[in-house]
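Asker: Structure here, sequence nowhere to be found:
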């Protein structure tokens, strides 16, 4: 299913002359991999950023230390900064950012295992949302987050 979605994104982005980038934490590059698994993806995907640590988020994407301290890496304010920073760094039309608690463990009452924050930045603005996938296990949370991020990109291509 992810491959079909990635093909659709490539086709739509190519037709629209739009470029896409990613800023990933808990997915560790899985969104970028899904896109670049498709031959010809270099037409629309020039780079992606895996920013697993707070330091990487700050250095590569311009996420503010205060945002990380106040809200934590798994938060809507931080993924907004990630997406907007990635869009600028890559000179891309669309940027998706993902940060979450994939598990197992590592979650808290406030940020349980399976909670993932997403942001999508375009020239029209940035949308943000949080999805609780539940404690599905690390591989399943990461796969669900990857699919959701790809759906967000495809949705942006329907609008832009």
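Answerer: The structure has been received and is ready for your questions. Predicted, not measured: the structure shown is a model, and the values here were computed from it. Numbering: from 1, shown residues only.

Asker: which helix in the chain runs the most residues?
Answerer: helix 138-159 (DSSP state H).

Asker: what's the distance between it and the middle of its chain?
Answerer: The chain centroid and the centroid of helix 138-159 are separated by 8 Å, computed with C-alpha atoms, centre = their mean, to the nearest Å.

Asker: ok, the nearest residue to residue 85 once chain neighbours are set aside - contacts?
Answerer: Closest residue in space to residue 85, ignoring its immediate chain neighbours: residue 61 at 3.3 Å, by C-beta to C-beta, 6 or more residues apart in numbering. C-beta here means a position set from N, CA and C on the backbone, and glycine is covered the same way. For residue 61, the contact set (C-beta atoms under 8 Å, 6 or more residues apart in numbering) comprises 23, 49, 51, 81, 82, 85, 86, 89, 97.

Asker: Report the separation between the residue sitting furthest away from the middle of the chain and residue 115.
Answerer: For the chain, the residue at maximal distance from the C-alpha centroid (C-alpha atoms, centre = their mean) is residue 109, at 23.4 Å. According to C-beta to C-beta, to the nearest Å, residue 109 stands 11 Å off from residue 115.
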